[in-house]
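Participant: give me a model of this one.
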Amino acid sequence: MILDTFSKTTWIAIASLLLLTGCGTLNQQASQSRPGWKSDIPIGGTIRLPSHLTPEQAAAEITSRSVLLLGTPYRFGGSHPSEGLDCSGLIAHVLQDAFRIRPPRNTEEQSLVGIPVPRHRLVPGDLVFFNTLGKSNSHVGVYLGNSRFVHAPTSRGVVRIESLQTDYWAKRFDQARRLIAQLQ
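Facilitator: Residues are numbered from 1 along each chain as shown. So this is what the prediction gives:
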């Protein structure tokens with residue numbers, strides 16, 4: 001158990017250092033991987049876009065597919081709209097559906113992909129992370145623009161749109177990540 005905790009902490013530290021040293025360039029493969037990492041997007045890496053999509057079209061795919069899931073019931077561990085979705089399941093489903101890639105399945109690992117984005121530089125399609133359970137990056141949503149994001153919260157039980165400016169979300173905002181490197 002101590003070894004597992006040490007290993008997890010060590011890998012998080014390595015991932016943080018890699019992100020700080022610029023490993024978040026397009027399609028760059030991480031030189032280190034996490035034990036059990038099962039994703040087509042490397043730590044600190046971004047989505048490899050199909051040749052027929054511009055970065056803006058790819059971002060529109062993420063946002064539009066997210067919005068199409070409005071009203072889908074919340075279900076802890078849910079990864080398909082027919083069964084219900086949790087927050088990380090929403091992200092995983094949208095990325096699989098849009099790009100046929102296997103993204104990380106939980107918020108902790110989703111918070112390691114893409115490149116960090118300051119809150120004032122958010123663009124539609126970015127992932128926004130929150131501390132809702134007393135630990136960083138315990139909740140995730142898709143930024144839509146105009147301070148709004150779509151997510152699958154447990155309260156009120158359905159995928160919905162919220163504002164980053166409400167007190168609840170503003171106080172809990174942790175970070176944002178951009179999965180499409182060429183967006184500005």
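Participant: quick one: the strands in this protein, in order.
Facilitator: With DSSP state E, the ranges of strands along the chain come out as 79-80, 84-85, 115-117, 127-130, 139-145, 148-151, 160-163, 173-178.
Participant: from the chain's centre, how far out does the fourth one sit?
Facilitator: Mean C-alpha position of strand 127-130 versus that of the full chain (Cα atoms, centre = their mean, to the nearest Å) differs by 7 Å.
Participant: CA atoms only: put it into PDB for me.
Facilitator: The C-alpha trace of strand 127-130 is given here as PDB (Å, rounded to 0.1, in the frame of the first residue of the first chain):
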ATOM      1  CA  LEU A 127     -11.700  21.100 -20.200                       C
ATOM      2  CA  VAL A 128     -12.400  22.900 -16.900                       C
ATOM      3  CA  PHE A 129     -11.600  21.100 -13.600                       C
ATOM      4  CA  PHE A 130     -13.000  21.800 -10.100                       C
END
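Participant: buried residues in stretch 174-184, which are they?
Facilitator: If you call a residue buried by 16 or more other Cβ atoms under 10 Å, then stretch 174-184 has these buried ones: 174-181, 183. C-beta: built from backbone N, CA, C; applies to glycine.
Participant: which of the residues you listed lies closest to Gln57?
Facilitator: Ile180 (9.7 Å; Cβ to Cβ).
Participant: contacting residues for the residue lying closest to Leu164 once chain neighbours are set aside?
Facilitator: Computed as Cβ to Cβ, 6 or more residues apart in numbering, the closest residue to Leu164 that is not its neighbour in sequence is Ser147, at 4.6 Å. Applying Cβ atoms under 8 Å, 6 or more residues apart in numbering, we find Ser147 in contact with 163-165.
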